[in-house]
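my questions are about this predicted structure, shown below with the sequence.
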Amino acid sequence: MQCYFDNSATTKPLNSVVKAMVKALTENYGNPSSSHKIGDDAANLLESSRKSLAKALYCREDEIFFTSGGTESNNIAIFGAVEALKRKGKRIVTTSIEHPSVSKCIDRLSEQGYDVVKLPVDEYGAVKEEDLFPAITKDTILVSLAYVNSEVGSVQPIKAAAKAIKSANAPAMLHVDAVQAFGKIKVKPSLLGADLISVSAHKVHGPKGVGALYVKKGTRLVPYVLGGGHEGNIRSGTQGVPGIAGFSAAVDEIKEDEIKQNYEKVKLLKKKLLAELKDLDNLVENSGKESIPYILNISLIGLPSEVLKNYLSEHGVYVSTGSACSRGQRSVILTEMGLSNERIDSAIRISFSRFNTEKEVLYLAKMIKQANNTLRKVKL
Amino acid sequence: MKEIILIKYGELALKGLNRSTFEDILVKNLKRRLSNIMDFSITRSQSTMVIEPISKNPDMEAVKEVISKVFGIAGFSIAAACEKEIETIKKTAVKYLEDTLVSFKTFKVEAKRSDKKFPLKSPEICNELGGYILSKNHHLKVDVHNPDIVVTVEVRDNYAFIHGNQIKGAGGMPVGTSGRAVIMISGGIDSPVAAWTMAKRGLVLDAVHFASPPYTSARAEQKVLDLLSKVSEYSGKINTFIVPFTEIQERIKDDCPEELVTIIMRRMMMRTTEKIAKKQGCSAIITGESLGQVASQTLPSIACTDIVANIPIFRPLIGMDKNEIVAISRKIDTFDISIQPYEDCCTIFVPKHPKLRPTLDEVAEAEKALNIDELIGIAVKNTKFVIIDASVREN
């Protein structure tokens, strides 16, 4: 039996995605910038894909810009926003648990002299609303938060950040890394108050190598990928039409009304799993009650993450280790949450997809119990 | 233009009456390694071998890469071969070295005349050729003391050979001239260096690796195979034995005192390796130990592991500092693989405070809790065999 519970790392592309991509590769192979029939066909496919994304993100088509993925969306958003607003202030507000594709961009800006505030998180990986308000001042030009954290599933108070920007009368753009949220919970710019939103295709059963950036109409970003001016000059380079077509096919299968149903379904799966594991007295939940059910981070104290992951992998069950085992490479996120080393070193992340079944969850639970019973524990 | 390869022996040249045996092995090694790149013939004269390609336009970069990793060779040159006539030599030299000379500022010419019937004496050849090179390369200057490049002309029986700077060979003794030994390889920095060092002394290598899934990952095992593959570019084929070690480690952890876990594990590894070594006809065991580096490499610990094997144990790194070992691992390109962060079996169940000076008596007493022969028997029986050989290129 093969059970894939590493859906926050990547997901299996849907059949409809593969089909759409093959079609784009074999039939619509033109360059969307070419003004002949073949080019027009590709351009049409590109624009209909943009329409799908716009629908899924509750926005206008001209607010969607295709990129090579979540990392590039984050880079373009952060550098582009700061460059555009650099005369209006020097302050950047983010959290201490961002994905490297955000935190490393901001570290670079910090080296360049920007005044960076990294907000702390509580023991479940969430920023406190009351910390946002004093941090966001009138010279703040960028606030960047992940909607859902990739390792523990914590949800950040995006709306509060938007309010804090308004009440400080800051020129800041609000950037939301929604890579782990998109498709799992509603990501609606107007409700969140976001100016920039990053999403990625391969986290929603689409292909790797494609993502998108939502840029609120009227927002100016200074481009840093320069070239032929594709994607509204925000991201130059001939669009990867096959990937984009695949992305759109994946997004088309996330119906608005199903997001809630899927959420409830996964919530039950998570509940089932925890119920099955309730007798393990060395089990600690690292994800909090407010985390989305799709991401469950747990520690089996005494079983190093790598060892448990290897054991499960041998038995056809795939999870991920939130942190590398080697010393000095502990997960930044779990460390920032203030967890003990023994919890960090035995943490694993189980990440669900809407396609996981109860049968798979029961098998996962069985294998975790088996590992816990047979493997030798160590003092971490 | 006809190109040949001139090979200068290393230490081999010092051998006496049995020299031809050593040469034969070197020739065999060269043939095996080069045969996928080109057809060629090898002739020997004095302390030089001449490899003459038969294939048209062989890939000389590949040839260079391969020969630089064959032990037993001090240095080699890729040379143009031409008619033994001074005008031809001059024209050939300038044309052949045209691209090479661009990147140098100073040069000198050296002439070796083993054909004493050649009308010009060595200094005259140097003068003629040096003047001609200068007239065609205005950016160059002659520097007889410290030239960037030495242009060498060797006038031999059938041809004159012309080449630039000699390329450094791997040195050492041809693999196969010293017998066969088994390396205990972990995945760290040291053991591949130890393996390479002993292959350099002419040993054929086998390898034993201990894997403890799931405590160690499949990637840790792959890492070891990658390391061996790098070593095999020098040593040739390595018969590799992956020993499943999980049960032994669990038994030790369950039944032996914590502070002796590492030393007992080392002894079990040594016993297992000896068993495989004898089965494979290996006459020695090689380890990457360096005195005092970790708890299992103190003198009392080494004494405890040494005694369980009745076979010579080579520890070529025993007197080396870590930075010296790292320098070699960088040179042989194993360093970047070694530092990948996958756990190997040596680091699991490591006690917080291992015994630094274990005595034989206490270790032997603690081991009574284990059914040593049975455990090792099972491990050897379930050992996986893989052949690693990056030295022969696939076509």
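Looks like it arrived, so ask away. Just so you know, these numbers come straight off a predicted model, no measurement behind them.

what about the residue in the stretch 151-300 of chain B positioned nearest to chain A, helix or strand, and which?
Per C-beta to the nearest C-beta, residue B:214 is where the stretch 151-300 of chain B lies closest to chain A, at 3.5 Å. Heads up, the C-betas are built off the backbone N, CA and C, glycines and all. When elements are defined using DSSP states H and E, residue B:214 is found to belong to no helix and no strand.

that one: how many residues sit nearby?
Residue neighbour count, defined by other C-beta atoms under 10 Å in any protein chain shown, stands at 21 for residue B:214.

quick check: it vs residue A:299, distance?
Counting by C-beta to C-beta, to the nearest Å, the gap from residue B:214 to residue A:299 is 17 Å.

please apply the same query to residue B:47.
Look at residue B:47 and residue A:299: by C-beta to C-beta, they are 66 Å apart.

neighbour count: those two, which is higher?
Using other C-beta under 10 Å as the criterion, residue B:47 and residue A:299 rank with residue A:299 on top: 25 against 15.

do any residues in the helix or strand harbouring that one lie close to chain B?
In this structure, residue A:299 is located in strand A:295-300 according to DSSP H and E. No: for strand A:295-300, no contact with chain B is found by C-beta under 8 Å from any C-beta of the partner chain; the gap never falls below 13.1 Å.

what is the burial count for the residue of the stretch 251-395 of chain B found nearest chain A?
In the stretch 251-395 of chain B, the residue found nearest to chain A is residue B:341; the distance is 4.2 Å by C-beta to the nearest C-beta. For residue B:341, the neighbour count with other C-beta under 10 Å is 14.

which residues of the stretch 251-380 of chain A lie near chain B?
When proximity is defined as C-beta under 8 Å from any C-beta, the stretch 251-380 of chain A approaches chain B at A:306-311, A:313-314, A:324-326, A:329, A:371, A:375-376, A:378-379.

wait, a helix at residue A:348?
No: counting by DSSP: H, G, I helix; E, B strand; the rest coil, residue A:348 falls outside a helix, being strand.

contacting residues around it?
With C-beta atoms under 8 Å, 6 or more residues apart in numbering or on different chains as the criterion, the residues that contact residue A:348 are A:297-300, A:305, A:308-309, A:319-322.

same question, residue A:108
By C-beta under 8 Å, 6+ apart, the contact set of residue A:108 is empty.

mind checking which helix or strand it is in?
Applying DSSP H and E as the criterion places residue A:108 in helix A:100-111.

and the closest residue to residue B:285 other than its chain neighbours, how far from residue B:302?
Distance criterion C-beta to C-beta, 6 or more residues apart in numbering or on different chains; nearest residue to residue B:285, sequence neighbours excluded, is residue B:313 at 4.8 Å. Taking C-beta to C-beta as the criterion, residue B:313 is separated from residue B:302 by 9 Å.

ok, back up a step: the residue of the stretch 251-395 of chain B closest to chain A reaches residue A:329, doesn't it?
Yes: checked against C-beta atoms under 8 Å, the pair residue B:341 and residue A:329 is within contact range at 6.7 Å.

the stretch 151-300 of chain A: helices as residue ranges?
Taking DSSP state H, counting those that start in this stretch as the criterion, the stretch 151-300 of chain A contains helices spanning A:158-168, A:189-192, A:241-252, A:256-276.

same deal with the stretch 201-350 of chain B?
Counting by DSSP H, counting those that start in this stretch, the stretch 201-350 of chain B forms helices over residues B:218-235, B:246-255, B:261-280, B:299-306, B:322-331, B:335-338, given from the N-terminal end onward.

if I look at the closest residue to residue B:357 other than its chain neighbours, what pLDDT would I see?
Leaving aside its chain neighbours, residue B:357 sits nearest to residue B:300 (4.4 Å; criterion: C-beta to C-beta, 6+ apart). The confidence metric pLDDT takes the value 90 at residue B:300.

and what of residue A:12?
The predicted local distance difference test score for residue A:12 is 98.

show the contacting residues for residue A:84.
A:220-222.

run through the residues of chain B sitting next to chain A.
In this structure, chain B approaches chain A at residues B:213-218, B:250, B:253-254, B:341, B:343, B:348-349, B:352, judged by C-beta under 8 Å from any C-beta.

does residue A:280 touch residue A:300 like I think?
Yes: contact criterion C-beta under 8 Å: residue A:280 and residue A:300 qualify, at 6.6 Å.

now do the shared contacts for the two.
For the pair residue A:280 and residue A:300, residues contacting each of them under the criterion C-beta under 8 Å, 6+ apart are A:368, A:372.

which one's more surrounded, those two?
residue A:300 (24 against 16).

so who does the closest residue to residue A:77 other than its chain neighbours touch?
The spatially closest residue to residue A:77, leaving aside those adjacent along the chain, is residue A:196, at 4.2 Å (C-beta to C-beta, 6+ apart). Taking C-beta under 8 Å, 6+ apart as the contact definition, residue A:196 lies against A:77, A:81, A:173-176, A:213-216, A:219, A:221.

next one: residue B:33
The neighbours of residue B:33, taking C-beta under 8 Å, 6+ apart as the test, are B:66-67, B:70, B:236, B:391-392.

my guess is residue A:2 contacts residue A:315, does it?
No: the pair residue A:2 / residue A:315 is not scored as a contact, 9.7 Å apart, by C-beta under 8 Å.

between the two, which one's more packed in?
Taking residue A:2 and residue A:315 together and counting by other C-beta under 10 Å, residue A:315 has the greater number of neighbours (19 against 9).

give me the nearest residue to the more buried one, chain neighbours excluded.
The shortest distance from residue A:315 to any residue that is not its chain neighbour, by C-beta to C-beta, 6+ apart, is 5.0 Å, and that residue is residue A:367.

who's in contact with residue B:4?
Contacts were defined as C-beta under 8 Å, 6+ apart; by that measure residue B:4 touches B:50-53, B:78-79, B:81, B:159, B:161.

right, I mislabeled it, should have said residue A:312
Contacts of residue A:312 (C-beta under 8 Å, 6+ apart): A:318-319, A:364, A:367-368, A:371.

go again using 6 Å as the cut-off
Neighbour list for residue A:312: A:319, A:367 [criterion: C-beta atoms under 6 Å, 6 or more residues apart in numbering or on different chains].

between the two ends of stretch B:166-184, how far is it?
Taking C-alpha to C-alpha, to the nearest Å as the measure, stretch B:166-184 stretches 35 Å from start to finish.

so is the residue nearest to residue A:315 in a helix, a strand, or just coil?
helix.

that one is in contact with residue A:317, isn't it?
Yes: at 5.1 Å, residue A:367 and residue A:317 qualify as touching, with contact defined as C-beta atoms under 6 Å.

apply the buried test to the contacts of residue A:84 and list what passes.
Of all those considered here, the ones buried according to neighbour count by 16 or more other C-beta atoms under 10 Å in any protein chain shown are residue A:221.

pick out the residue in the stretch 101-250 of chain A sitting closest to chain B.
Here the residue of the stretch 101-250 of chain A nearest chain B is residue A:151; by C-beta to the nearest C-beta that distance is 18.1 Å.
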